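**Q** model this:
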Amino acid sequence: MFFVYTFQGDQERVLVKAVSNSSICAKILIQTSKCPIVGTSRSDYNGVYASMTTKAGITVERRRIPQDKFYIVVVVKDTDVECLFQSGTINPFLPPNKEKHEVEGLYDLHNDRSKNVVLTVIELPQIDDYIMPVLGPVIFFGSFYVIAFISLVISWCFAEDGGKSFYAYLFPSKVKKDATVDDDTTDGDGEKEQLLRSPIHSRHSSYGTAEATSYQAPEVPASPVADDMDGYDWLEDIDKNKDVYRLKLNLTVADLSRKPYKKLNKKFNVYYWNILTVAVFYALPVVQLVLTYQRVVNASGDQDICYYNNFCQRPYHLLSAFNNVYSNIGYMMLGLLFIFLVMRRDRLARQRLVKNPENEEKYGIPRHYGILYAMGYALFMEGVMSACYHVCPNYSNFQFDTAFMYIIGILGCLRLYQTRHHDVFLSAHFAYAGFAAVIFTSVIGVIFRSREFWVIFLIGHFVSCFYLSCQIYYMGRVKTAFRVNWLSSRHNICTRPVYPMRFVLLIVFNIVNWTLSINGIVYIPKDFATYLLGIIICNGLLYVTFYGIMKLWNGEKIKALPFICMVASLITWGISISFFIQGLTDWQLSPAQSRQGNKDCRLLGFYDDHDLWHFLSATAMFFSFMGVLTVDDDLDTVERTNINVF
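**A** Residues are numbered from 1 along each chain as shown. Modelled structure (predicted):
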């Protein structure tokens, strides 16, 4: 069937919307008045075209149409093959060991291939109408900057710094590296001595119980205090007695923050330097690739290359779906705001450290911000990479949208663990190797979605959980614990756990992870990438819940700000997920099948459900990050010897 449409008045673009109650395969073509009206052979297609079962939509821009007139062609296909599988010689959607010609033989050519289609031509907003939808997100996320500014003004009014200007309070000056107290200092005789970190007033080095171990721990030296710090080789004794300190029954933050501030700070700063390096080398080829995809779509007219929500597709210049790309601005704006707030705290902490080093290293959680910086950069890069993915979303570039989501989820857990385990925390290089392994597993799981893969994944997941559990339970001293507990002739496997709370957490952790893996191998979810992200999110929620319960269990408090942030994050996460599961598109299906989930715009006639997911998930992540940043603010005046490790 052939139809003609002529642009009216000042129309700039229109949406040709096709809806049918029949799933028979068809093609919708848009051809200019200069093109020959042809239609059955794929090689004869001219203009813009898309496959269709029950829904299809093509946006037509007036500037691309000569003489302001175009033809709409509806072609019913002889078979449904083109709508069930992607076209092309390399087709990941075909069943294993079946070539396309073999699949075509499964479908009979029926004489009756009629299809009822309702065609509607809808005028779309002009470029001038984009102003309010574009400014809306900027105003919404800009309000977070305003709220942060007002909060800092109020905080400055009640600050005890006295006399400090608001500008100096808002933008603290950077402390020079040579001003820190970590450098070697020279005494009167010209000899260097290393300043001691984290003075500890009492230590109880009992490990396990007398009945459960025959381990003869070396004698623990008396706790160093300010009066007897001279002549004490701090680092050497840490190396000799770390088994004793780390395997105590009652560990405190002071036990796990004995290493020099400067050494630990360099270790944690590697996290954000690594993520910046990864971001640069990852993003540049991604931008080149997706822009190439977009040019191919524009030049060929094949709308099956990219998986858009065609019913809410707002083009702008080169981009076919400008709204899906632009809606990621929230990640970038809130990421930059979080980085600023972390930088401000970092500089204030360094100033206090220089001004009163003994007090700063005696009270509160050790103030290292490298992982928090990395979280802010990851949030910003999630916006960049998600925007790149939505330039042309398809099977080939799905990992662009999920890679930094994996990193964000894991970094959040690492930051919570870091707060009370500074000396036993893993290096950035090892952590990023783990990130690479997770992303590699995600890619393999999507390409080879089979029960055999899930069996391998299940085994690998079990082994990883067991190894991680042992490292956490024994604070990295697994060999010593194995020698003491498991090689001791007096050890009984049924004895009460030495560290009950850690034991309960790790049991729940393993049960949850094993359940998720077993569920995967039973049902084989079609979207492994999202399923793996769900596993990471479940672990994050489990650890956050455990952390909050243990704070209250140990008599600690949760201040108003982190409490509000956590509640706000839970609410926004719940709402955002409801938009995420709408399933407007699905790149694991064929393009025609994916279009069955297309829906009209929901907000301002410009943004669809997935755009709202972008807005709300960015907000939820920011609130979550702020909760992690401020959760231990109640401990700033508490001695580290009185802050328990859990």
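**Q** break this structure down into its domains, please.
**A** Using automatic domain parsing, the domain parsing of the chain gives 2-124, 131-167+250-445+550-646, 450-525.
**Q** can I get those domains in JSON lines with distance to G534?
**A** All C-beta spots, glycine's among them, are computed from the backbone N, C-alpha and C. Below are these laid out as JSON lines (distance: least, CB to CB, whole Å):
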{"stretch": "domain 2-124", "distance to G534": "22"}
{"stretch": "domain 131-167+250-445+550-646", "distance to G534": "10"}
{"stretch": "domain 450-525", "distance to G534": "8"}
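**Q** out of the ones you listed, which is closest to Y531?
**A** Nearest to Y531 among the domains of the chain is domain 450-525; the distance by CB to CB comes to 4.6 Å.
**Q** first-to-last residue distance for the closest one?
**A** End-to-end distance of domain 450-525 (CA to CA, to the nearest Å): 10 Å.
**Q** ok now it, how far from the chain's centre?
**A** Between the centre of domain 450-525 and the centre of its chain there are 25 Å (CA atoms, centre = their mean, to the nearest Å).
**Q** re earlier: distance to K174 and mean neighbour count added to the domains of the chain, as TSV?
**A** TSV is the format used below for the domains of the chain (distance: least, CB to CB, whole Å; neighbours: other CB atoms under 10 Å):
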stretch	distance to K174	mean neighbour count
domain 2-124	49	16
domain 131-167+250-445+550-646	6	19
domain 450-525	33	15
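**Q** any chance of these in JSON lines with mean pLDDT as columns?
**A** Below are these laid out as JSON lines (pLDDT from 0 to 100):
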{"stretch": "domain 2-124", "mean pLDDT": "77"}
{"stretch": "domain 131-167+250-445+550-646", "mean pLDDT": "90"}
{"stretch": "domain 450-525", "mean pLDDT": "80"}
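**Q** so which bits of the helix or strand encompassing L532 are buried?
**A** Counting by DSSP states H and E, the element that carries L532 is helix 528-553. Buried residues in helix 528-553, counted by 16 or more other CB atoms under 10 Å: 528-533, 535-540, 542-544, 546-548, 550-551.
**Q** contacting residues for the spatially most central residue of the chain?
**A** Closest to where the C-alpha atoms of the chain average out (CA atoms, centre = their mean) is M405, at 2.1 Å. M405 makes contact with 382, 533 under the criterion CB atoms under 8 Å, 6 or more residues apart in numbering.
**Q** against F435, how distant is it?
**A** Distance of M405 to F435, given as CB to CB, to the nearest Å: 11 Å.
**Q** ok, now M621?
**A** Distance of M621 to F435, given as CB to CB: 17 Å.
**Q** what's the angle between the host helix or strand of F462 and helix 528-553?
**A** Counting by DSSP H and E, the element that carries F462 is helix 451-473. Using axes from the mean of the first three to the mean of the last three CA atoms, to 10 degrees, the direction of helix 451-473 lies 20 degrees away from that of helix 528-553.
**Q** got the CA coordinates for helix 451-473 in PDB?
**A** Coordinates of the C-alpha atoms in helix 451-473 are reproduced here as PDB (Å, rounded to 0.1, in the frame of the first residue of the first chain):
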ATOM      1  CA  ARG A 451      23.300 -23.600  30.600                       C
ATOM      2  CA  GLU A 452      26.900 -24.600  30.100                       C
ATOM      3  CA  PHE A 453      27.900 -21.000  30.700                       C
ATOM      4  CA  TRP A 454      25.800 -20.800  33.800                       C
ATOM      5  CA  VAL A 455      27.400 -24.000  35.200                       C
ATOM      6  CA  ILE A 456      30.800 -22.400  34.800                       C
ATOM      7  CA  PHE A 457      29.500 -19.100  36.300                       C
ATOM      8  CA  LEU A 458      28.000 -21.000  39.200                       C
ATOM      9  CA  ILE A 459      31.300 -22.700  40.100                       C
ATOM     10  CA  GLY A 460      33.300 -19.500  39.700                       C
ATOM     11  CA  HIS A 461      30.800 -17.600  41.800                       C
ATOM     12  CA  PHE A 462      30.900 -20.200  44.600                       C
ATOM     13  CA  VAL A 463      34.700 -20.200  44.600                       C
ATOM     14  CA  SER A 464      34.900 -16.400  44.600                       C
ATOM     15  CA  CYS A 465      32.400 -16.100  47.500                       C
ATOM     16  CA  PHE A 466      34.300 -18.700  49.600                       C
ATOM     17  CA  TYR A 467      37.600 -17.000  49.000                       C
ATOM     18  CA  LEU A 468      36.300 -13.500  49.800                       C
ATOM     19  CA  SER A 469      34.500 -14.800  52.900                       C
ATOM     20  CA  CYS A 470      37.700 -16.300  54.200                       C
ATOM     21  CA  GLN A 471      39.600 -13.100  53.600                       C
ATOM     22  CA  ILE A 472      37.000 -10.900  55.300                       C
ATOM     23  CA  TYR A 473      36.500 -13.300  58.200                       C
END
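**Q** circling back: for V175, which of the domains of the chain is the nearest?
**A** Closest among the domains of the chain, using CB to CB: domain 131-167+250-445+550-646, at 4.1 Å.
**Q** now do the helices in the stretch 251-400 of the chain.
**A** Using DSSP state H, counting those that start in this stretch, the helices of the stretch 251-400 of the chain run over residues 261-300, 322-326, 329-355, 357-360, 370-391, 399-418.
**Q** could those helices go into a markdown table alongside distance to R64?
**A** As requested, the helices of the stretch 251-400 of the chain are exported to a markdown table (distance: least, CB to CB, whole Å):
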| stretch | distance to R64 |
| --- | --- |
| helix 261-300 | 9 |
| helix 322-326 | 15 |
| helix 329-355 | 27 |
| helix 357-360 | 64 |
| helix 370-391 | 18 |
| helix 399-418 | 27 |
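**Q** tell me which of those sits nearest to D611.
**A** helix 322-326 (6.0 Å).
**Q** roughly how far is that closest one from the heart of the chain?
**A** Helix 322-326 sits 20 Å away from the centroid of its parent chain (CA atoms, centre = their mean).
**Q** which residues sit against it?
**A** Here helix 322-326 makes contact (CB under 8 Å, 6+ apart) with 130, 133-134, 137, 308-309, 312-316, 319, 387, 390-391, 393, 601, 606-608, 610-611.
**Q** ditto for stretch 264-277
**A** Under the criterion CB under 8 Å, 6+ apart, residues 257, 366, 368-371, 373-374, 377-378, 381, 407, 411, 418, 422-423, 425, 427-429, 431-432 lie in contact with stretch 264-277.
**Q** could you give the angle of the helix holding F462 to helix 399-418?
**A** Counting by the same axes, to 10 degrees, helix 451-473 lies at 20 degrees to helix 399-418.
**Q** does anything pack onto helix 451-473? Which helices or strands?
**A** helix 428-447, helix 478-481, helix 500-523 (3 or more CB pairs under 8 Å, 6 or more residues apart in numbering; DSSP states H and E).
**Q** hmm, try it at 10 Å
**A** Under the contact definition 3 or more CB pairs under 10 Å, 6 or more residues apart in numbering; DSSP states H and E, helix 451-473 sits against helix 428-447, helix 478-481, helix 500-523, helix 528-553.
**Q** now the end-to-end length of stretch 415-434.
**A** The first and final residues of stretch 415-434 sit 15 Å from each other (CA to CA).
**Q** centre of the chain to it, how far?
**A** When distances are taken as CA atoms, centre = their mean, stretch 415-434 is centred 17 Å away from the chain's centroid.
**Q** and I122, that's in a strand?
**A** Yes - assessed with DSSP: H, G, I helix; E, B strand; the rest coil, I122 lies in a strand.
**Q** residues contacting it?
**A** 13-17, 57, 59, 311, 600 (CB atoms under 10 Å, 6 or more residues apart in numbering).
**Q** just list whatever residues bridge to it.
**A** L15 (DSSP bridges).
**Q** ok and whichever strand or helix holds T619 relative to helix 528-553, angle-wise?
**A** When elements are assigned from DSSP H and E, T619 belongs to helix 609-630. Angle, helix 609-630 to helix 528-553, by the same axes, to 10 degrees: 30 degrees.
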